[in-house]
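Peer 1: return a 3D structure for these sequence lines:
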Amino acid sequence: MRAAILVAVALAVAPGAGRAEEALRPVVSEIVTSEAAHLRSFPGVVAARVETTLAFQTPGRMQIRRFSVGDRVARAQVLARLDQITLSEDVSAAQAAVNAAQAQAEFAAQSLARAEELRRREVASEAVREAAQAKADAARAALRAAQADLVRAVDAARYGTLRAPASGVVVAAYVEPGTMVAAGTPVLSLATEEGRDVLIDVPQEVLAVIAPESRFVITPRIEGGAPMAGTLRLIEPVAEGGTRARRLRIALEDAARAPR
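Peer 2: A predicted model of the protein is given here:
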């Protein structure tokens, strides 16, 4: 969630940078001290420091979505859920397949034991024993595959509920109830309460006079909005493609601490 603001950036002039040399002819002269600063203003937006896009880890039909854009949610709160009936049916079918495979594996193991005993008595040929061995091996492999399918079905049922990883505000909703979604399809975006940043774009030449942890004054573009203080947190390393401007991320502080 972002809001428009105006950022006044106090840029300190390097010592002696503004000192005027004495002119040859007596004219009006102005001496600028090293403590002087010039004020620049840049438009920007306030954004959550962390925005998380949430998705289901399993495919299915989204049954409900409990929140819309602008709603506030709490940590671990259920945001959306897939059709649980379909997921439960998948688990039941996978469990039935495991039961059938288990029975086949047990029967194949018994048949192998009989074939080995008959071979030991020289009643059956080696080919009969080898055939029983192959069937037993295939039955065990089928059982392992069925068990893996059951694990996936159980996981899918568990992942059919989407919960908020942190408290925050819903800033985007991508899928409506009743829609089939694939695993990893974005469903919601959540702006968490882990802090807010002010985002501004400044020309390259401005960076030369911005020191680490520079202080800023943020003025909201709303009537009666109180100025807020901010501290430079990050200068993004990649310049914007068109204007070659660099984006600054300014951590907001308590409004009461804003410099006057």
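
Peer 1: now for the protein, the helix or strand with the poorest mean pLDDT.
Peer 2: strand 3-12 (a mean of 49; mean pLDDT, DSSP states H and E).

Peer 1: can you give me the buried ones in the helix or strand just after that one?
Peer 2: Counting by DSSP states H and E, the next helix or strand C-terminal to strand 3-12 is strand 37-48. For strand 37-48, the neighbour count (16 or more other Cβ atoms under 10 Å) marks Phe42, Gly44, Val46, Ala47, Ala48 as buried. Any C-beta I mention is one placed from the backbone N, CA and C, and that applies to glycine too.

Peer 1: can you check stretch 81-90 too?
Peer 2: Using 16+ other Cβ under 10 Å as the burial criterion, the residues of stretch 81-90 that qualify are Arg81, Leu82, Asp83, Leu87, Asp90.

Peer 1: out of those, flag the one nearest to Ala183.
Peer 2: Using Cβ to Cβ, the shortest approach to Ala183 within those belongs to Leu82, at 10.6 Å.

Peer 1: list phi and psi for that closest one.
Peer 2: With angles defined as degrees, to the nearest 10, Leu82 sits at phi -80, psi 170.

Peer 1: point out where the stretch 101-250 of the chain drops to low pLDDT.
Peer 2: Scanning the stretch 101-250 of the chain for pLDDT under 70 picks out the ranges 241.

Peer 1: where along it do the strands fall?
Peer 2: Taking DSSP state E, counting those that start in this stretch, the strands of the stretch 101-250 of the chain run over residues 161-163, 168-173, 180-181, 186-192, 196-202, 215-220, 228-235, 246-252.

Peer 1: closest to Ala74 out of the ones you listed?
Peer 2: Proximity to Ala74 (Cβ to Cβ) singles out strand 168-173 among those, at 9.0 Å.

Peer 1: Ser92 sits in which helix or strand?
Peer 2: When elements are assigned from DSSP H and E, Ser92 belongs to helix 84-120.

Peer 1: helices or strands next to that helix in the packing?
Peer 2: strand 60-65, helix 126-158 (3 or more Cβ pairs under 8 Å, 6 or more residues apart in numbering; DSSP states H and E).

Peer 1: got the buried residues for it?
Peer 2: Those would be 87, 90-91, 94-95, 97-98, 101, 104-105, 108, 111-112, 115, 119, for helix 84-120 by 16+ other Cβ under 10 Å.

Peer 1: which one of the residues you listed is nearest to Val217?
Peer 2: Leu87 (53.0 Å).

Peer 1: and that closest one, how close does it get to Gly160?
Peer 2: Leu87 sits at a distance of 5 Å from Gly160 (criterion: Cβ to Cβ, to the nearest Å).

Peer 1: now stretch 224-238, how far from the centre of its chain.
Peer 2: 23 Å (Cα atoms, centre = their mean, to the nearest Å).

Peer 1: closest to Leu188 among the buried residues of stretch 81-90?
Peer 2: Nearest member of these to Leu188, counting by Cβ to Cβ, is Arg81, at 12.4 Å.

Peer 1: tell me which element the closest one falls in.
Peer 2: strand 78-82.

Peer 1: let me know the angle separating that strand from helix 84-120.
Peer 2: 60 degrees (axes from the mean of the first three to the mean of the last three Cα atoms, to 10 degrees).

Peer 1: now strand 78-82: mean pLDDT?
Peer 2: Strand 78-82 carries an average pLDDT of 93.

Peer 1: against which helices or strands is that strand packed?
Peer 2: strand 60-65, strand 161-163, strand 186-192.
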